[in-house]
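Peer 1: Next comes the sequence, and after it the predicted model I'd like to discuss.
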Amino acid sequence: MVDVSKLRETAREIISREDVRELIGYRAGTYGFRARPAFVYDPGEVDQLIFNPACVNNLATYITLEEKLPVPRGQEPDLRKVAVMVKGCDSRALVQQMAENAYERDRILVIGIPCTGVVDMDKVQARFPDVLGPGEISLEGDKFVLIFDGRREEIPKEELLADKCKRCRFPTPLVYDVLLDEEVAPFATDDYSDVEALESRSQDEKWAYWEEKFSRCIRCYSCRNVCPMCYCNDCILDRLRPQWIRRSVDISENTAFHIARAYHLAGRCIQCGECQRVCPVEIPLMELNRKLYKDVEELYDFEPGVKVDAPPLLSSYRPDDPEDFIL
Amino acid sequence: MNGKPKIGVYVCHCGTNIAGTVNVEEVRDFAASLPDVVVARNYSYMCSDPGQALITEDIKNYGLNRVVVASCSPRMHEPTFRKTLESGGLNPFYLEMANIREQCSWVHEDPIAATEKAKRLLEAAVVKARNLEALEQKEVDVEPSCLIIGGGIAGIQAALDIADAGFKVYLVEKSPTIGGHMAQLDKTFPTLDCSACILTPKMVDVANHPNIELMTYSQVEEITGYIGNFNVKVRKKARFVDMDKCTGCGDCAEACRLAGRIPNEFDEGIGMRGAIYLPFPQAVPAKYTIDKENCLFLAKGKCGETPKCQEVCQAGAINFEQQDEIVEFKVGTIIVATGYDVFDARKKPEYGYGIYDNVLTALEFERLVNASGPTGGKIVMLERGKKKKKKEEEAEAPKVPKSITFIQCVGSRDKSVGNEYCSRVCCMYTAKLAHLVKDKIPDCEVTIFYMDVRAFGKGFEEFYDRVRREGVRYIRGNPSEIFRRGDKLVVKAEDTLTATPLEHETDMVVLSVGLVPRSDNREIIDILKLSQSSDLFYLEAHPKLRPVDTASDGIFLAGVCQGPKDIPDAVAQAKGAASAAMIPMAKGKVKVEAQTSVVNEETCRGCGFCVELCPFTAIELVEVNRQGWPVKVARVNEALCKGCGACVAACLSGSIQQRSFKDNQLLPQIKVLGVK
Amino acid sequence: MKNPYIPYEAKILEAWYETPGDRCIKTFKVTFADDKVWETWSHRPGQCAMVGIPGVGESMFCISSSPTEKGYLRFSIMKVGKNTTAIHELEAGDTIYVRGPLGNWFPMDEWKGKNVVTIGGGIGQAPLRPVIQYIRDNRDDYGELTVIYGARTSADHCFKDEFQDMMACGDCCCHLAVDVEEENWPHFVGFVPQLLMEVSPSPENTIAVTCGPPIMIKFVLKNLEKLGFTPDQIYTTLENRMKCGIGKCGRCNVGHIYICKDGPVFSYEQIKDIPEAFA
Amino acid sequence: MAAKKLSKEKVGEVLQELSKFRLITPVKSDDVVLFREIADPKEAFLEYGNSTVPPKKVVFPQTETLFRFTIGNPELREKNVEEEGTTVIFGLRPCDARAMSIVDKLFSWDYEDPYYLKRRELTTLVGMTCVQPPSINCFCTSLQGSPFGKDGLDVLLVDMGDHFLFQPLTEKGARMEETLASYLEDASPGDVERASSMEEEAKGKIVRSIDPQGIAEKLPSLWEDPLWKRVSDACLGCGICTFLCPTCHCFDMQDEVERGEGRRARMWDSCMFCEYTLHASGHNPRPTRKERTRNRISHKYSYYPKRFDVIACVGCGRCISLCPVNIDILEILEQVVEA
Amino acid sequence: MAEATQTDFQPNIVAFLCNWCSYAGADLAGTSRTQYPSNVRVIRVMCSGRVNPMFVVNALQEGADGVLVSGCHPGDCHYMQGNYYARRRFKLMRNFLEYLGIEPERVRMSWVSASEGAKWKEVIEEVVEGVKAVGPMNKFQRRQLNW
Ligand SMILES: Cc1cc2nc3c(=O)[nH]c(=O)nc-3n(C[C@H](O)[C@H](O)[C@H](O)COP(=O)(O)OP(=O)(O)OC[C@H]3O[C@@H](n4cnc5c(N)ncnc54)[C@H](O)[C@@H]3O)c2cc1C
Ligand SMILES: Cc1cc2nc3c(=O)[nH]c(=O)nc-3n(C[C@H](O)[C@H](O)[C@H](O)COP(=O)(O)OP(=O)(O)OC[C@H]3O[C@@H](n4cnc5c(N)ncnc54)[C@H](O)[C@@H]3O)c2cc1C
Ligand code: SF4
Ligand code: SF4
Ligand code: SF4
Ligand code: SF4
Ligand code: SF4
Ligand code: SF4
């Protein structure tokens, strides 16, 4: 577990640096057990920072989400570093972003958090719907400990653990300037059993399955906005000329949208699970991403977000790539 | 273009070729009903003069700004109709064609289905045409100079031609001398000219030509740019001999402590040299080179008290401090003439090459029969292991073989070693070598095992006849094994003409090894991004019509690097490449692909996916100012872009688009064709 | 009541380019396909309409003709995006759809008897043109009319002929400017706010109306204040992205004001304290 | 109009009866509750907290046709909402019904929106009280709402445990009572009294609150306040908080053409999207999430009340619960109050 | 799906052909008067590498029952690498669509060289047969019904 005083001390040092503009970390949420992103601009604000298993957000998103106001003539843009706290999975987003030239390594200062797993907040919420909080969550051994309203509850880890953590192979950040704790050894593997189960169903079953999910989509594009890899400044989903996906919400456009989004992440999605987490109508977006992830790994031996200098999956090839499907 | 698209549609009958199956009137009427079509006509032959005149007239009368021709394949007449538009005063890229012949009337018998399909294809052309844009066929200036890589006969010939025409030539040769393989040969088939006699004058011409800058012992390191404007970086390897001072007297080579102890590459290892050497007496330039891998002083730091060569060189040319030198220059065109390697006979262990001293490759044998070779042209039995022969012991005269056996097609036409192709020269050089044997040792028994004899060239068949008449025995059969029996070699084979197995005893076996791509081919491939054909020789742009061009404009091929050929063919191709290279140089300008890609720098996110993928390195990331912020965006070098569009499909945000194949031009087509 | 989302079918009577270039401006003179529409139609200077093509979309444009010009509406449209590009493709005889009139208008009646100065830049002259035309067509009702207009180059000037006419005819005072020096340009060289100071109209019984790019407006407002104009003497129009034009779709608001309904015409008095109006 | 009693066993039959209309009820799709037209009463899922997607989508569909046309033919064919027929939304929550009454003002202000208003006219709202607040983030009571609120509803079903108290509230409600007469019994007088005490109890269970007093007036003065950046830093600019808000009503209009047949349609839009206010010139008056968040809050709590005398928020708590980064309107409002 | 409709069913297939190999191959089929089903409608691109995998989705949405992308054989690409990129893109897209329940028969890719007029015919026949076997695409076509 990350020592909070050390976290804050480190943050204080970093945000005091001349060359650092802001620090993105976590703070307590407004209700229940929630934590949420915190933006720190001066040393006086560091005491709000926390880290615990409720810190689910992938903060790497904010590095590419920044909306740059036009710099008034005669002024210089603020190009100071952004410091960001990342867990293992989140760090892969940084690696992938840098592999895609989104920014240079020296534009960010990475505070790495070796991660023992975060909770699935929906599961927590389902168990404790009435807690206004603030509630605290921590991990002790193989149990999550929840403290709220003067009560303490222990819940076995796997009951609340986020699905992505059950498969995480990179709990320790792959890139960092400071590491806040001892490295954590990978405690899980991925067998893609979920993907395989779906693969093995009949075409019509699969379609029925997805049709039901896609029909719920309200096209809020939260899944895109939260995705650290979706940082195009003019996403094709918003484009009018040409209009790839219509704004109208029906099964055709919804499906096309879901294909476009997932396919755009082929070889880029780093499995942080944020898209699925944010989806208000609980579309299992990770099942889409994971299918592509699995194929990419099996067919091309490619894993996104682990090497900064890896060539992009779809901008490279091997002469002997599989072509069993070609006539 | 401002204003409304005004489309003219022209449906060609192509005699009955189209009209026989497709109801052209119906197609025309359908076309006329489409939005923005202001005139639709059908005509017997659109490509004829009157047909084209219809278009130019309509452009004038109706103010057409787009033209759609439904006729044969655009691969056939797109250039024709582009010109038509141009002569009608319209940008030629406002043309779109619908292929209703090759891909419709000729392949579908049912007139109803064919007419229906023709309509759809036409509609797709019309909706694409709506969004076509005028393109500018840009021109770039061409630097009037040429880089030639490889100084074999092909490179030499090309260099001389281009230099004679008045253009500057940079000839870069990897080895210490030019000449290539031809310099190693004794006589050349079928005319039996002495190879050196015809080659060395050319080599000297190269050295003396005011327009040729010769760089031997040099390697191309990097080439950027595009036709007309290549920037070349060449590494001149240190020879440790001052080229200006060396008089080529050869005192150093004699003095070298390693003299006669290092196998001479030029002699295919049959002859020996020292650490300082001249590959062969007529080498150009006639300047010595120290081989730094072997030189005691350079490799070990010590060579006696003082290095011998330095001691004896009166000109003071030896300079152990010499460094590689990088030179940079700009050229307009490039000719690649890097030649070949011979097949490594060790890959056919059944023939015992590398095991038995007197199993030779033909190239080794060329050195053996060569008057300026290690034996002075005497054909003798080899004792390969014993290298440390002292001069005094030379007394013992080497043995002369009484029978010599050639085996053809070693490493050619042989799937088991991956070379399916015919090397084209082996039949003839074998005949030549057989003749030379007969010439030098008239009583030597000469046998040639062959699969077939391919004597297709000018004077070849006659030469082959002559050799047979000289008593050379041709046995049709592919030997399966060579082994030693006593002091003889035994060739085990089957005479396939008589279907008799045989064991043939001989003193010496010469393997007619085939020509294979150079083992270091990749260097040039990586630098120039050349492609290879399936035999791994460099790939020409078109096997018939553009045999000296490559896929990259301004880069040409000459000689065996493009595929096996003999000297006359290599020279002919070199001349072809030279003239191809001279066309843009003579014009001084060259048109570049117009249907190139272009980046919307406003929306590009600078991910570099396109950069990474472009086969022609046409895209780079540049930093631009976006509302005061420095951001990276992709930028296409239009002179380099070949217009494949691969980058377009890779760009997630649709920021890069290929002109004439933009998303907003293809998507409407999909829409139209998707409909049943 | 007619469904406010359904546009009227109209025919283009004439169309011509005002300016060249990528972002060219083309003027369309249109009339309704059904003459009866004219019976119910009335608009006032400053009002707008949605102009569009079914299958492409519609966009808001101000009606750049004065109600005194009978039998047609004019729109001057700059090619900037999807709809405007499609509209630019149209020519005389083509069908176009018009939905309106929308929004409020310049209080021409209140201004009677007053001097009017219009200060426009680029396509910003479009909403000013009906004001000028209206005054010229009701010349006796108003005092002096001063027209100040500028664009980047003389080629970028809209309504070139009309300015020539105004200069010749003498019913108003017309001042033109280009941003940078150019050959044979007899008039002012410099930005519109500078020209305004050059002309220096008196605020006495005068209304100033300005329209143009945001940066120009900003300086014009400053300069008008310098010249002694009070906020209630100054009028401008605001522009924001809009879809419905009838106060439903939400996006055009600045503060609690819906530009499409409460505007586009505002006195500076009305909006000077709404920070978003000048965002 | 007198209250009636509807026993819970009869709900199935009632739904059956109502399915002669276009009947819309909460349904469960996986674990998500939303409103859908149902064919079979069994699909209805009435034991729910509140739906993820509010029932506003029934009267203000996410995508709706305004008119149709054929390319090449000048005629425009107005969409006839009437064709959709009489609609019943059964089982919605009071806050969502109240939201509709708030949005009504917008759609009938000045120009009347024929589509929305027609659909409202055709729709009968049968609401269900919240005995338990559906979410910890409910705060309807701060905004003149109530878990037993009647605003906007035609019928209120007060959940009495084993039965509902059927309270018709409008003319449409009365008609509904007639339609369902055979399933309704007379309510016992005690029930009505008990209902009002239950209401107090339910109100008491709502734990979050805000005092809206003065906020409308204060908001404009905080235009430049640093609080806006602070509260919006984490915002993703997604549309969840607005798409799922029962009072949000912004829309975009786009044309679509399919095989020569086209329509002009409108579809939900969100002030949290960056393109929302983007001009063709590239200028954006609300360039960052700060300005957009400020607009969202100001619109609901200042601009709307200024024009329509009512806050455009009913305290359903959806935007709080569903915001992926826990941006909390109550927290923002508290900061506004404190600022 | 009823048997009868399957046999009557004439699928509509949108094909993207590279200019240098497959389009030329299809032309050759024409020059040799090879007869093949008329269900395929060709869009010419310079290189199979130009074909955006989203085009498949677009075509299916618009009403196509199948999509074919055809390029030069590996190693033969006029632009050297375009077909290799296309191969990766379409392999992934095809697998992905299959995962959603879109029959893989609808998304085909082939290598047809300029000399393979006969192969072009075979490819078409196979694609058409394959699509016929899975029937009309009706999974996420744009439906006017919803309007
Ligand atoms: C045994 C044998 C006998 C033959 N006899 C005959 C005959 O009698 N008649 C006949 O017509 N043909 C004969 N040939 C064929 C003949 O050798 C070739 O046709 C001819 O040499 C081809 O010349 P070239 O210039 O293409 O290649 P090469 O002669 O191979 O020359 C290539 C040159 O490029 C240089 N080079 C390679 N790579 C680089 C690089 N990266 N940078 C710089 N320089 C580089 C090499 O060092 C070499 O100097 C024979 C071939 C063999 C093997
Ligand atoms: C009150 C008012 C009066 C106007 N008068 C004129 C005029 O007289 N002449 C003229 O050339 N332009 C005028 N404009 C601007 C004009 O509306 C836009 O340039 C036009 O909508 C751009 O549409 P587009 O489809 O070409 O651009 P795109 O960028 O493709 O726009 C997409 C959509 O965004 C909306 N949009 C984008 N920019 C604007 C904008 N600045 N204003 C409103 N909506 C926008 C439109 O709804 C459009 O459908 C006026 C705008 C307003 C609000
Ligand atoms: S977050 Fe969910 S509802 Fe929103 S667009 Fe993505 S998938 Fe659709
Ligand atoms: S969906 Fe595609 S275009 Fe849009 S932001 Fe993501 S990667 Fe970019
Ligand atoms: S792939 Fe597209 S977004 Fe990426 S650098 Fe190239 S043009 Fe820009
Ligand atoms: S079109 Fe092809 S050649 Fe041109 S930039 Fe793109 S990838 Fe390179
Ligand atoms: S839901 Fe949250 S993150 Fe999304 S736009 Fe609203 S406030 Fe921002
Ligand atoms: S603003 Fe939030 S709490 Fe208020 S009505 Fe909308 S979603 Fe509900």
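Peer 2: That came through fine. Ligands and ions are numbered 1, 2, ... in the order given.
Peer 1: can you pull out the helices in chain C?
Peer 2: Using DSSP state H, the helices found in chain C span residues C:36-40, C:82-88, C:125-137, C:160-169, C:192-199, C:214-226, C:259-262, C:268-271.
Peer 1: ok, now which ones touch residue 50?
Peer 2: All of this is about chain A. Residues in contact with residue A:50 (C-beta atoms under 8 Å, 6 or more residues apart in numbering or on different chains) are A:4, A:7, A:25, A:26, A:27, A:28, A:35. Where C-beta positions appear, they are placed from N, C-alpha and C, glycine not excepted.
Peer 1: nope, chain D please
Peer 2: Contacts of residue D:50 by C-beta under 8 Å, 6+ apart are D:33, D:93, D:95, D:96, D:130, D:134, D:135, D:316, D:318.
Peer 1: Report the mean per-residue pLDDT for the helix or strand hosting residue B:123.
Peer 2: With elements taken from DSSP states H and E, the one containing residue B:123 is helix B:111-130. Per-residue pLDDT over helix B:111-130 has a mean of 96.
Peer 1: one step back: how about TSV for the helices of chain C, with distance to chain E and mean pLDDT added?
Peer 2: Below are these laid out as TSV (distance: least, C-beta to the nearest C-beta, whole Å; pLDDT from 0 to 100):
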stretch	distance to chain E	mean pLDDT
helix C:36-40	28	93
helix C:82-88	19	94
helix C:125-137	35	93
helix C:160-169	45	86
helix C:192-199	46	90
helix C:214-226	37	91
helix C:259-262	27	92
helix C:268-271	41	91
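Peer 1: Residue E:122: which of these is closest?
Peer 2: Of all the helices of chain C, it is helix C:82-88 that lies closest to residue E:122, at 43.7 Å by C-beta to C-beta.
Peer 1: Give the other helices and strands that that closest one contacts.
Peer 2: Contacts defined by 3 or more C-beta pairs under 8 Å, 6 or more residues apart in numbering or on different chains; DSSP states H and E place helix C:82-88 against strand C:25-32, strand C:48-53, strand C:57-62, strand C:73-78.
Peer 1: helices or strands up against the last one?
Peer 2: Yep, that's strand C:73-78 we're talking about. Secondary-structure packing of strand C:73-78 (3+ C-beta pairs under 8 Å, 6+ apart): strand C:25-32, strand C:48-53, strand C:57-62, helix C:82-88, helix C:125-137.
Peer 1: With residue A:293 as the reference, measure out to the residue in the stretch 1-150 of chain A positioned nearest to chain B.
Peer 2: For the stretch 1-150 of chain A, the residue closest to chain B is residue A:71, as judged by C-beta to the nearest C-beta, at 2.4 Å. Using C-beta to C-beta, to the nearest Å, residue A:71 is found at 39 Å from residue A:293.
Peer 1: Got the domain ranges for the chain?
Peer 2: Here I'm looking at chain A. Per automatic domain parsing, the structural domains of chain A span A:4-179, A:193-321.
Peer 1: wrong one, chain C
Peer 2: Segmentation of chain C into domains, based on automatic domain parsing, reads C:8-102, C:115-237.
Peer 1: next one: phi and psi at the closest residue to ligand 7 within chain E?
Peer 2: The minimum distance from chain E to ligand 7, using C-beta to the nearest ligand atom, falls at residue E:54 (26.2 Å). Main-chain torsions, residue E:54, degrees, to the nearest 10: phi -70, psi -20.
Peer 1: and the contacts of residue A:50, which of them are in helices?
Peer 2: A:4, A:7.
Peer 1: which of the contacts of residue A:50 are buried?
Peer 2: A:7, A:25, A:26, A:27, A:28, A:35 (16 or more other C-beta atoms under 10 Å in any protein chain shown).
Peer 1: on that earlier part again, can you mark which positions in the helix holding residue B:123 are buried?
Peer 2: B:113-130.
Peer 1: what does stretch C:32-42 give?
Peer 2: Buried, per 16+ other C-beta under 10 Å, within stretch C:32-42: C:32, C:33.
Peer 1: for that stretch, how far is the first residue from the last?
Peer 2: 13 Å (C-alpha to C-alpha, to the nearest Å).
Peer 1: The stretch 1-150 of chain D: helices as residue ranges?
Peer 2: D:11-18, D:56-59, D:94-108, D:114-122 (DSSP state H, counting those that start in this stretch).
Peer 1: mind checking which of the helices and strands packed on strand C:73-78 is nearest residue B:138?
Peer 2: From the helices and strands packed on strand C:73-78, taking C-beta to C-beta, the stretch that ends up closest is helix C:82-88, at 25.5 Å.
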